[in-house]
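Engineer: Need coordinates for the below:
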Amino acid sequence: MNQQNLPNATAVLVLGIFSIVGCCCYGVPGIIAGIIGLVLYNKDKTLYLQNPSQYLNYSNLNTGRILCIIGLALSALNILCIIILIATGGWEAYMQQMNELKNMGR
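Structural biologist: Predicted coordinates:
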């Protein structure tokens, strides 16, 4: 029997990594990448469950799924923190906080 790789396993893995990195960019890229990665995961999972002995890299697919979930959670927390900061202190307090963080790096 000729085994092959799942078609989107590498893409799910890359999107999972990008969703974790994207959570640092105000959370929006992380949420988008995480959702796309989970949709691709579901497609490949159904393909794998139809014939498990035909595919090799199901572990990469699961790893990508876990990374997508972590990236989604971190991105959601980042967006929630931004919303809370803006709601409690206003836009000026948010910008002041960003300037303080920028000046800490110097």
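Engineer: those helices in this protein, which residues are they?
Structural biologist: 9-22, 28-50, 58-104 (DSSP state H).
Engineer: starting at the chain centroid, how far to the first one?
Structural biologist: When C-alpha coordinates are averaged (CA atoms, centre = their mean, to the nearest Å), helix 9-22 and its chain have centres 6 Å apart.
Engineer: and that helix, average pLDDT?
Structural biologist: Averaged across helix 9-22, the pLDDT comes to 97.
Engineer: looking at the helices of the chain, which is buried most?
Structural biologist: Greatest average neighbour count among the helices of the chain goes to helix 9-22 (a mean of 21), per mean count of other CB atoms under 10 Å. Bear in mind the C-beta positions are built from the backbone N, C-alpha and C, glycine included.
Engineer: Point out the other helices and strands that that helix packs with.
Structural biologist: Judged by 3 or more CB pairs under 8 Å, 6 or more residues apart in numbering; DSSP states H and E, the packing partners of helix 9-22 are helix 28-50, helix 58-104.
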